[in-house]
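Colleague: mind folding the following:
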Amino acid sequence: MFNSLFENNTSVLDKLTRANDSFDIIKRVIKINKRKSAIYFIDGLLKDDIMEKLMEFFYKITDDSFFESADSFMENCVPYVEVNKSTDTQEIVTALLSGIALITIDGIKEIILLDTRTYPQRETAEPQNDKVLRGSKDGFTEIFIHNCVLIRRRIRDKNLTITAMQAGKRSKTDVALVYMVDKVDKNLLNKIQKKIKDIDSMGLTMTQQGFVEALINQKWLNPFPKVKYSERPDSTAANVLKGNIAIIVDNSPSAIIIPTSVFDLMEEADDYYFPPITGTYLRLSRYFISLLSLFVTPLWLLGNQMPQLVPDFLKFTIIDEPQNISLFWQLILIEIAIDGLRLASINTPEMLSTTIGIIGGIALSEFAVDAGFAATETILYMAFVAIANYSQPSQELSYSIKFFRIILLVLTRLLSLWGLLGGTLLIIVMLATNKTLSGKSYLYPLFPLKPKELFEKFVRTKSK
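Modeller: Next up is the predicted model:
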């Protein structure tokens, strides 16, 4: 398809890139040492200052021997930037649409690929959803290359490997696998690479979530997440050093970490930014609060349905006054109302978010009690649950706890004590039957039991 004639190559490139149909695909015809040449690039993805210096160098070339082959031109006429050649039409089109500039020169068959791209980006700042009390304040951005550099900056080891791939038939989304070649599970790595190559999704425009859904064939009935997301380069680097694989997806400001067990999801960067005793306290508090957020409302509902089971020192939690709406429906309605407030706060303009929060808080407290929609105790316990959800670093695990809390409420309402026990057994079965991507138990190292590793999941030990 390509040959050494300039007119043929530009005609082919015009059809492949549809440069005449898209205003942002720029074609510039120039002369380099009196040879007709053409540059194709995406407007807005070209680094102007670099390209300007290259053009100055091109216009100063007077030695015609440099144009004997593509290799000779790349060696003598491109002083810097990454450069390559190709005659593969798919590779050339994908390169252009990724921001790489193309040059075709009369007398040279191959198309020269110049990596002079740049991407629009926001300023690197601390992640909004992954903050720490102490530690670095930088976070991932939507720029694929920059995210890889943030990890590379923290691990200066020759065994750190970053493998670039592409996924999606149409989107051609850039994906990077980040791992330590001397620690990674080779079987898992090969499995992930094969799955990425086999992804036949037409587009991955929603990037990470679409990528995870295409990568993992997870049964929707089990809500426990199989991957961990992190917006922090330091946390991601720490997981890579432990032998995990981090997946960077272009346009996504977070990394996917695999394999992931339920104990991995409970870890947070603050555990390691404080002394061992403080880190242990924070970690144990997180476990305890997560368990409370799961069981506190179902246990309270059970206590009000079966007062004879409540010990004397907790009798004050029982509501004696008749309610206009049953406690069960109070809890369910407030669960939905809290999610409604959360969605409203996300979609509310920033200048009104505080106002919406105040109105929502009043509506769910004083007004709800005065109007007879909810008891004061219901508001109290649901307020604790709502706050406790934010102690969980993984939003996916937080929603899993929420779903199971609602299941426990329904079963407790229908079957009382046996419903609560049955729901608890269901949660244990869901955890026990779930598997990580590496095939290990989701409860590892609890099952199979590894006492030392399990101890370190609960107790923050001194760094070695």
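
Colleague: switch to C-alpha atoms for all contacts and neighbour counts from now on
Modeller: OK.

Colleague: can you tell me how far K27 sits from T10?
Modeller: For K27, the distance to T10 equals 9 Å [C-alpha to C-alpha, to the nearest Å].

Colleague: mutual contacts of those two, please.
Modeller: Common contacts of K27 and T10 (C-alpha atoms under 8 Å, 6 or more residues apart in numbering): A38.

Colleague: report the separation between the closest residue to E231 other than its chain neighbours and N190.
Modeller: Distances taken as C-alpha to C-alpha, 6 or more residues apart in numbering place S254 nearest to E231, at 4.2 Å, with adjacent residues excluded. As judged by C-alpha to C-alpha, S254 and N190 stand 23 Å apart.

Colleague: quick one: secondary structure of V385?
Modeller: Three-state assignment for V385 (DSSP: H, G, I helix; E, B strand; the rest coil): helix.

Colleague: next one: it from I379, what distance?
Modeller: Note on V385: its distance to I379, by C-alpha to C-alpha, is 10 Å.

Colleague: do A38 as well
Modeller: Distance, A38 to I379, by C-alpha to C-alpha: 69 Å.

Colleague: again, but for H146
Modeller: Separation of H146 from I379 (C-alpha to C-alpha): 45 Å.

Colleague: could I get the average pLDDT for the host helix or strand of I39?
Modeller: Assigned by DSSP states H and E, I39 belongs to strand 35-42. Average pLDDT, strand 35-42: 94.

Colleague: after that strand comes which helix or strand?
Modeller: Immediately after strand 35-42, counting by DSSP H and E, sits helix 48-59.

Colleague: that following helix: which residues count as buried?
Modeller: The neighbour-count check on helix 48-59 (16 or more other C-alpha atoms under 10 Å) flags 51, 54 as buried.

Colleague: for it, packing partners?
Modeller: Helices and strands touching helix 48-59, by 3 or more C-alpha pairs under 8 Å, 6 or more residues apart in numbering; DSSP states H and E, are strand 25-32.

Colleague: let's see that with 10 Å instead.
Modeller: strand 25-32, helix 70-77 (3 or more C-alpha pairs under 10 Å, 6 or more residues apart in numbering; DSSP states H and E).

Colleague: which of those sits closest to R286?
Modeller: strand 25-32 (51.7 Å; C-alpha to C-alpha).

Colleague: for the closest one, give the mean pLDDT please.
Modeller: For strand 25-32, mean pLDDT is 92.

Colleague: that one to strand 35-42, inter-axis angle?
Modeller: Between strand 25-32 and strand 35-42, the angle comes out at 160 degrees (axes from the mean of the first three to the mean of the last three C-alpha atoms, to 10 degrees).

Colleague: and strand 25-32, which strands flank it?
Modeller: strand 35-42 (antiparallel) (DSSP bridges).

Colleague: pLDDT score for the closest residue to V175 other than its chain neighbours?
Modeller: Using C-alpha to C-alpha, 6+ apart and skipping the chain neighbours, the partner closest in space to V175 is V249 (4.7 Å). At V249, the model reports a pLDDT of 89.

Colleague: my read is that V249 contacts I196, right?
Modeller: No - with contact defined as C-alpha atoms under 10 Å, V249 does not reach I196; the gap is 11.6 Å.

Colleague: any common contacting residues for these two?
Modeller: 165-167, 175, 211 (C-alpha atoms under 10 Å, 6 or more residues apart in numbering).

Colleague: would TSV of those residues with distance to A432 be doable?
Modeller: Shown next, in TSV, are those (distance: C-alpha to C-alpha, whole Å):
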residue	distance to A432
M165	33
Q166	34
A167	32
V175	31
F211	26
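
Colleague: which of these tops the neighbour count?
Modeller: A167 (24 neighbours; other C-alpha atoms under 10 Å).

Colleague: identify the bridge partners of that residue.
Modeller: In this entry, A167 is beta-bridged to T173, by DSSP bridges.

Colleague: so what's the backbone phi/psi at the closest residue to N244 other than its chain neighbours?
Modeller: With C-alpha to C-alpha, 6+ apart as the criterion, N244 has its nearest non-adjacent residue at 5.8 Å, and that residue is I258. The phi/psi pair for I258 (degrees, to the nearest 10) reads phi -140, psi 160.
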